[in-house]
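**Student:** Coordinates only, no sequence provided:
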């Protein structure tokens, strides 16, 4: 293999700096999906290109609470963390705000009082409404009246899950157009005098109020993600504490959502499908558990590879390693979820799983996320360590970036990332990549500026340092361009991409005309 070394006046300095790289772009192969990555590690939200350069920045007065979305109209929708006298658990938010591309605040609303509080996630809907994931307050008296074991109330209160669908109004108001409360869909088997008494195993469509860890902390479900499927008119939420996710019908009215009938699926607000840990409804053993404190459960867009299936970041809490899982729920001919004769939901396991070659080498015990991209690649956010990386269809890494931003702002290249009580100081809830043709980017200034980190390395995306000749096709040289770190880079020239089959898979390389 021929190697051509390009010599620059800054080559020696560049090599010295490269040896101390701690943050920013570490890998960028040609197979990476072209787009812009959005994340919000502190009061600021950043959009970067695949070279790690800033495209846009939004500044808020509030830390994330926790998710952020770039909408199709080019505005930013972000959950923010505000103080609450009642609610202060992990993932606490409380405010949602919308900003234009230039960071002007267009709308905000505080989803927080003594009775309820937004947390973790929100979900923009195609009609412009927003699904808001909330806690709602229930006293110990409320909980016992609904069949909670008095010994399972270590905090003398509960925060069950509550979902609001709201339409933003003006710059600081809402209309509530739909709501759903898990409190309306409970079952218990310890008190025959209560109206929700029943054999738990016979009611997989209901949540056992006495299924909890330890002595029953107030945030006993700890739901951490919400998503909407417009084709099915369904909502999915994920419970980290119970290691399950749940699908409910959104076609109901709010009144029907409080009952066990109504809607296009005929079950009102009851659970249509659940998966991950059938022990939680008394129909499984530890061997049947598939999820372990998971995050970011959502449907893959219908026009993507594996479209319509469910993808998630399986943190592996208590298991000791993390995986990315794709689940395909079985449905019958009417589009309803199929339930087995033993009242369990299939499948028995995920149909696609990514595990590190040495599984315990990749363990993100909390937060984190995953996204299937339009070309079949998979973007992964190792949340506790602030590491974003992308896999191609063969599960080979093609892009890697380490978030350089900590609570006080960006680090300088070469700085050691501080360690906090909860992990690395650059931890990030999740990240999302938007394709170059995403409607929200149309007409915006997408000129890259500089990397987020201070004192960055010279630009490896435009400065090729080594060219490897890897073959000749049709009398044209087939090249691979890498920087001094060995990172494959995209050249800013008129070279064209060429697809070649190698070992049965498609690879991208450059052709020098």
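**Tutor:** Perfect, I can see it now. For clarity, every value in this text was computed on a predicted model and none was experimentally measured.
**Student:** use CA for all of it now, contacts and neighbours both
**Tutor:** Noted.
**Student:** Count the residues that sit near residue 128.
**Tutor:** Using other C-alpha atoms under 10 Å, residue 128 has 10 other residues around it.
**Student:** any idea which element it lies in?
**Tutor:** Per DSSP states H and E, residue 128 falls between elements, in no helix or strand.
**Student:** ok, it to residue 100 distance?
**Tutor:** Going from residue 128 to residue 100 by C-alpha to C-alpha, to the nearest Å gives 15 Å.
**Student:** burial count for the residue nearest to residue 280 when sequence neighbours are not counted?
**Tutor:** If you skip the residues right next to it in sequence, residue 280 has residue 211 as its closest partner in space, 6.0 Å away by C-alpha to C-alpha, 6 or more residues apart in numbering. The number of residues packed near residue 211 is 21, by other C-alpha under 10 Å.
**Student:** Show the backbone phi and psi for residue 254.
**Tutor:** Note on residue 254: backbone dihedrals following degrees, to the nearest 10 are phi -60, psi -40.
**Student:** cool, and the one 3 residues further on?
**Tutor:** Dihedral pair for residue 257: phi -60, psi -20, per degrees, to the nearest 10.
**Student:** list the contacts for the residue nearest to it when sequence neighbours are not counted?
**Tutor:** Excluding the flanking residues, the one nearest residue 257 by C-alpha to C-alpha, 6+ apart is residue 269, at 4.0 Å. For residue 269, the contact set (C-alpha atoms under 8 Å, 6 or more residues apart in numbering) comprises 180, 184-185, 248-249, 252, 256-261.
**Student:** Now do stretch 137-156: distance from first to last residue.
**Tutor:** When the termini of stretch 137-156 are compared using C-alpha to C-alpha, they are 11 Å apart.
**Student:** could you pull out the helices for the chain?
**Tutor:** For the chain, the helices defined by DSSP state H occupy 11-19, 140-145, 254-257.
**Student:** By mean pLDDT, show me the worst of those helices.
**Tutor:** In terms of average pLDDT, helix 11-19 trails the rest of the helices of the chain, at a mean of 36.
**Student:** from what I can see residue 123 touches residue 130, true?
**Tutor:** Yes. Between residue 123 and residue 130 there is a contact under C-alpha atoms under 8 Å: 5.6 Å.
**Student:** Mind pulling up the pLDDT for the closest residue to residue 245 other than its chain neighbours?
**Tutor:** Once flanking residues are discounted, residue 245 sits nearest to residue 238: 4.2 Å by C-alpha to C-alpha, 6+ apart. Note for residue 238: predicted pLDDT of 98.
**Student:** related to what we said a few turns ago, how far away is the residue nearest to residue 257 from residue 200?
**Tutor:** On the measure of C-alpha to C-alpha, residue 269 and residue 200 end up 17 Å apart.
**Student:** With residue 414 instead?
**Tutor:** Separation of residue 414 from residue 200 (C-alpha to C-alpha): 55 Å.
**Student:** next one: residue 393
**Tutor:** For residue 393, the distance to residue 200 - C-alpha to C-alpha - is 41 Å.
**Student:** The two: who's more crowded?
**Tutor:** Each of residue 393 and residue 200 has its neighbours counted (other C-alpha under 10 Å); residue 200 has more, 21 against 15.
**Student:** The residue nearest to the more buried one when sequence neighbours are not counted: neighbouring residues, count only.
**Tutor:** Distances taken as C-alpha to C-alpha, 6+ apart place residue 281 nearest to residue 200, at 5.8 Å, with adjacent residues excluded. If you count neighbours by other C-alpha under 10 Å, residue 281 ends up with 22.
**Student:** Could you do the one 10 residues further on as well?
**Tutor:** The number of residues packed near residue 291 is 26, by other C-alpha under 10 Å.
**Student:** Report pLDDT for the residue lying closest to residue 108 once chain neighbours are set aside.
**Tutor:** Sequence neighbours aside, residue 97 is the residue nearest to residue 108 in space, at 4.1 Å (criterion: C-alpha to C-alpha, 6+ apart). pLDDT for residue 97: 98.
**Student:** what sits against residue 97?
**Tutor:** 77-80, 105-109.
**Student:** what's the answer for residue 37, then?
**Tutor:** Residue 37 touches 46-50, 431-434, counting by C-alpha under 8 Å, 6+ apart.
**Student:** And residue 178, how far from residue 396?
**Tutor:** Distance of residue 178 to residue 396, computed by C-alpha to C-alpha: 43 Å.
**Student:** same deal with residue 72?
**Tutor:** Distance from residue 72 to residue 396, counting by C-alpha to C-alpha: 31 Å.
**Student:** was I right about residue 223 contacting residue 243?
**Tutor:** No. Checked against C-alpha under 8 Å, the pair residue 223 and residue 243 is beyond contact range at 9.7 Å.
**Student:** Looks like residue 338 contacts residue 347 (just checking).
**Tutor:** No. Counting by C-alpha under 8 Å, residue 338 sits too far from residue 347 to count as a contact (9.9 Å).
**Student:** These two - which one has more neighbours?
**Tutor:** Set residue 338 next to residue 347 and count neighbours by other C-alpha under 10 Å: residue 338 wins out with 19 against 16.
**Student:** Just give the closest residue to that one, not the sequence neighbours.
**Tutor:** residue 331 (4.9 Å).
**Student:** isn't that neighbour right up against residue 340?
**Tutor:** No. Look at residue 331 against residue 340 with C-alpha under 8 Å: they stay out of range, at 11.1 Å.
**Student:** With neighbour numbers in mind, choose between the two.
**Tutor:** residue 331 (13 against 10).
**Student:** any idea how far that one is from residue 273?
**Tutor:** With distances taken as C-alpha to C-alpha, residue 331 is found 10 Å from residue 273.
**Student:** Overlap of the contact sets of these two?
**Tutor:** residue 337.
**Student:** in stretch 256-274, what's buried?
**Tutor:** Of all the residues in stretch 256-274, those buried under the rule 16 or more other C-alpha atoms under 10 Å are 256-260, 262-263, 265-274.
**Student:** likewise stretch 313-321?
**Tutor:** Within stretch 313-321, the residues scored as buried using 16+ other C-alpha under 10 Å are 313-317, 321.
**Student:** Same check on stretch 361-380?
**Tutor:** 362-374, 376-380.
**Student:** In strands, which of these appear?
**Tutor:** Using DSSP state E, the subset of the buried residues of stretch 361-380 located in strands is 369-372, 378-380.
**Student:** Sitting in strands, which of the buried residues of stretch 256-274 do you find?
**Tutor:** Using DSSP E, the subset of the buried residues of stretch 256-274 located in strands is 273-274.
**Student:** Spatially nearest residue to residue 388, not counting backbone neighbours?
**Tutor:** residue 381 (4.6 Å).
**Student:** tell me which residues form a beta bridge with that neighbour?
**Tutor:** residue 369, residue 388 (DSSP bridges).
**Student:** Just give me the neighbour total for it.
**Tutor:** If we define neighbours as other C-alpha under 10 Å, then residue 381 has 28 of them.
**Student:** What residues does it make contact with?
**Tutor:** The neighbours of residue 381, taking C-alpha under 8 Å, 6+ apart as the test, are 368-370, 387-389, 428-431.
**Student:** All good on my end, thank you.
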